[in-house]
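Trainee: Generate a structure from the sequence data that follows.
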Amino acid sequence: MNPNIKRFNKLLINIGLRLDKLEKSDIVRGIDAAKLRYNEKERLYRLLEDLKRFAIEAGLLPRMQGIIHALEKRIERLPHGPHFPTVREAQSLLEYPNLGILAAEERPRSEHEAPEVARLVVTSSTGIIFFDDILPSLLFACQQNMGLSASDEEAVSVMTRLWPDLLSVVKGRFILSEDNLLTQIQLMVTAERFDLEPPVVIGCSALDLCHQYLETPSLAYIQAEESSLLTDLASLCEQLGVPLTGFPRPTALDRAITMLHIMQAMAQGVAPVYWPQDDESTDYEDIDL
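Mentor: Numbers count the residues shown, from 1 in each chain. Sure thing, here's the model as predicted:
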């Protein structure tokens, strides 16, 4: 047998055995298991690069390209998560003394009206409530109507008292929300309606962290019993096995508590492992030429 082919087969078998072990894994439980799994996947990527490099140096790449591509596809189809660096990130966030978990609850409106925030809640990483208030409704934006009704005047008066409290809570805190961009838009729109100073929100999204944790691109499908998009708190809870407090109509406080539970689950490295949607199998055998 050609010595280069023999060496290629040896590298191939090593990668295949490691892949077999990972493909048979079901649920990763605990921080140590998550770390071992992540390290093993990273090692697979390095071994595959070594195999490619050897094939190029030995002049085997044109003949072995199909086998290498089959290995790449198998690695891509490995069960997702947990992503160990995100486990560490969740741990760090929960230990951060100035972490605030912000959740909003929208007031039902007609399809022709812009959504309006009805309630805002900000809690600590231990569940201490920093802010929890129902925001009044305003029929017309302050700067668009000089003659406010009595109810609107009362709404403005209430917001004038509440808003400084919210600003003081958010200021200097790292804010975790379900969707950081959406949260900023909601707060800016609310401030504009009441002609108030918009808060500056510095933080991250629970959605983004969960995508990292489960090693899925944003808005990507994960194959479970029923494929669903990771676009809201309910889908996050389903994928991570965390109950959604108050389901099917969670309040802002329910959502804040659920985000805390999601962070705790990620910090513990516990999550179901789902197969990617593409479940096509590709077999290969080492070559004897």
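Trainee: which residues touch Ala206?
Mentor: 176-179, 233, 236, 259, 262-263 (Cβ atoms under 8 Å, 6 or more residues apart in numbering). From N, CA and C alone the C-beta is placed, and that goes for glycine too.
Trainee: Which one of the residues you listed sits in the busiest neighbourhood?
Mentor: Of all the contacts of Ala206, the most densely surrounded is Leu176 (28 neighbours; neighbours counted as other Cβ atoms under 10 Å).
Trainee: Chain neighbours aside, what residue packs nearest to that residue?
Mentor: Taking Cβ to Cβ, 6 or more residues apart in numbering as the measure, Leu176 lies nearest to Ile101, with 5.0 Å between them; neighbours along the chain are not counted.
Trainee: The helix or strand hosting the one you found packs against which elements?
Mentor: Using DSSP states H and E, the element containing Ile101 is strand 99-107. Under the contact criterion of 3 or more Cβ pairs under 8 Å, 6 or more residues apart in numbering; DSSP states H and E, strand 99-107 touches strand 116-123, helix 150-170, strand 174-177, helix 180-193, helix 252-267.
Trainee: Can you name the residues bridging to the residue nearest to Leu176?
Mentor: Here Ile101 sits in beta bridges with Thr123, Leu176, as judged by DSSP bridges.
Trainee: quick one: it and Ile262 touch, right?
Mentor: No - assessed by Cβ atoms under 8 Å, Ile101 is found out of contact with Ile262, at 10.0 Å.
Trainee: Surely Ser25 forms part of a strand?
Mentor: No - counting by DSSP: H, G, I helix; E, B strand; the rest coil, one finds Ser25 to be coil, located in no strand.
Trainee: pLDDT below threshold where in the chain?
Mentor: Low-confidence segments of the chain, defined by pLDDT under 70: 1, 26-28, 109-114, 139-149, 217-231, 271-289.
Trainee: tell me the domain boundaries of it?
Mentor: 3-79, 88-210+218-267 (automatic domain parsing).
Trainee: now what about stretch 29-38, what contacts it?
Mentor: Around stretch 29-38, the neighbours that count as contacts under Cβ under 8 Å, 6+ apart are 22, 25, 28, 82-85, 87, 268-270.
Trainee: Between which two of those is the distance greatest?
Mentor: Within those, Leu22 and Gln268 form the most distant pair, 21.0 Å apart (Cβ to Cβ).
Trainee: any idea how far Ile56 is from the residue nearest to Leu162 when sequence neighbours are not counted?
Mentor: Excluding its sequence neighbours, the residue lying closest to Leu162 (Cβ to Cβ, 6+ apart) is Asp133, at 5.3 Å. Asp133 sits 64 Å away from Ile56 when distances are taken as Cβ to Cβ, to the nearest Å.
Trainee: Between the two, which is the more surrounded one?
Mentor: The neighbour count for Asp133 versus Ile56, taken as other Cβ under 10 Å, is higher for Asp133 (17 against 11).
Trainee: mind checking which helix or strand Met64 is in?
Mentor: Secondary structure from DSSP H and E places Met64 in helix 61-76.
Trainee: State the next helix or strand along the chain beyond that helix.
Mentor: Past helix 61-76, the next helix or strand by DSSP H and E is helix 84-95.
Trainee: Measure how that next one sits relative to strand 99-107, angle-wise.
Mentor: Helix 84-95 and strand 99-107 are oriented at 90 degrees to each other (axes from the mean of the first three to the mean of the last three Cα atoms, to 10 degrees).
Trainee: quick one: helix 84-95 to chain centroid distance?
Mentor: Taking Cα atoms, centre = their mean, to the nearest Å, one finds helix 84-95 lying 12 Å from the centre of the chain it belongs to.
Trainee: any idea of the angle that helix forms with helix 252-267?
Mentor: Using the same axes, to 10 degrees: helix 84-95 against helix 252-267 is 130 degrees.
Trainee: Report all helices and strands that helix 84-95 contacts.
Mentor: helix 31-57, helix 206-213, helix 252-267.
Trainee: Would you mark the buried spots in the last one?
Mentor: Neighbour-count burial for helix 252-267 flags 252-263, 265-267 (criterion: 16 or more other Cβ atoms under 10 Å).
Trainee: hmm, who's touching it?
Mentor: Contacts with helix 252-267, where a contact means Cβ under 8 Å, 6+ apart, come from 82, 86-87, 90-91, 93-94, 101-105, 119-123, 125, 127, 129, 132, 176-178, 206, 209-210, 213, 233, 236-237, 240-246, 250, 271.
Trainee: could you check the angle helix 206-213 makes with it?
Mentor: In terms of direction (the same axes, to 10 degrees), helix 252-267 departs from helix 206-213 by 20 degrees.
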